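In: Sequence isn't available, so here's the structure alone:
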């Protein structure tokens, strides 16, 4: 993951001690940088938290530092997802495609433990499409991670969960994730928190786990 600044004529001071215009981060965490114009002495700072090390984070100044004579300049942090390594993808046809996952531990414990589910998605659809689902057939309990109207959702059988605050159906690749801790769920889009809320408990161990298993099936 590389964090970059687009104003190379300025001086930089990172919270890590680096003084370059870019910084390569190898772990999740919080990073801050102060940008200083050597001529005017005007400065601008920003801090951002990275939830996944698989992103290129670009920090761009909202106001040119050299033009901040009467007011402070500011930096705006934006995250641009970047596939790393040698990625590949599965194209699902939206008709009957799905991936069936075997359920050895720890998958078998998903319904009654904390978990994180993540995926890369690319779609322009506004219809409801499953990313992944898992549950216990005998107990009649399950959880569904899906996209609807571009927002991320995670519902438990008989109880709708919250929705993400941002959308992902703009035709670009997005890294999406849900993390359950106790009775709360948190959404992440491109490494940034995009909503949190309460979810109901699920009973029994996991007896099935599927990708693209909802109706309509995931298209993308």
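Out: Thanks, I have the structure now. Worth saying up front: this structure is predicted, and the values here are computed from it rather than measured. Numbering: from 1, shown residues only.
In: CA atoms for contacts and neighbours, from now on please.
Out: Will do.
In: low pLDDT regions in this structure?
Out: By pLDDT under 70, the weakly predicted segments of the chain are 1-9, 21, 24-28, 50-89, 93-94, 103-106, 137-138, 203-204, 214-220.
In: hang on, residue 111 is in a helix, isn't it?
Out: Yes: assessed with DSSP: H, G, I helix; E, B strand; the rest coil, residue 111 lies in a helix.
In: Grab the nearest non-local neighbour of it.
Out: Among residues not flanking residue 111 along the chain, residue 202 sits closest, at 5.3 Å (C-alpha to C-alpha, 6 or more residues apart in numbering).
In: Surely the one you found is in contact with residue 144?
Out: No: the pair residue 202 / residue 144 is not scored as a contact, 11.4 Å apart, by C-alpha atoms under 8 Å.
In: Could you grab the helix/strand/coil label for the residue nearest to residue 111?
Out: Under three-state DSSP, the three-state class of residue 202 is coil.
In: Next up, the contacts around it.
Out: Taking C-alpha atoms under 8 Å, 6 or more residues apart in numbering, we find residue 202 in contact with 111, 112, 135, 141, 142, 143, 156, 157.
In: Could you export these to TSV, including columns for distance to residue 95?
Out: What follows is the contacts of residue 202, written out as TSV (distance: C-alpha to C-alpha, whole Å):
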residue	distance to residue 95
111	27
112	31
135	22
141	25
142	22
143	21
156	24
157	23
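In: Out of these, flag the one nearest to residue 178.
Out: Taking C-alpha to C-alpha as the measure, residue 178 lies nearest residue 143 of those, at 11.6 Å.
In: how many neighbours does the closest one have?
Out: By the criterion of other C-alpha atoms under 10 Å, residue 143 has 25 neighbours.
In: okay, and the common contacts of residue 202 and residue 144?
Out: Here residue 202 and residue 144 have residue 156 as joint contacts, going by C-alpha under 8 Å, 6+ apart.
In: which one of the contacts of residue 202 has the most neighbours?
Out: Going by other C-alpha under 10 Å, residue 135 tops the contacts of residue 202 with 27 neighbours.
In: so it bridges to which residues?
Out: On the basis of DSSP bridges, residue 135 is bridged to residue 142, residue 208.
In: what sits against it?
Out: 110, 111, 141, 142, 143, 202, 204, 205, 206, 207, 208, 209.
In: Compute the first-to-last residue distance for stretch 154-174.
Out: 17 Å (C-alpha to C-alpha, to the nearest Å).
In: residues of it that come out buried?
Out: Going by neighbour count (16 or more other C-alpha atoms under 10 Å), the buried part of stretch 154-174 is 154-156, 161-164, 166-169, 173-174.
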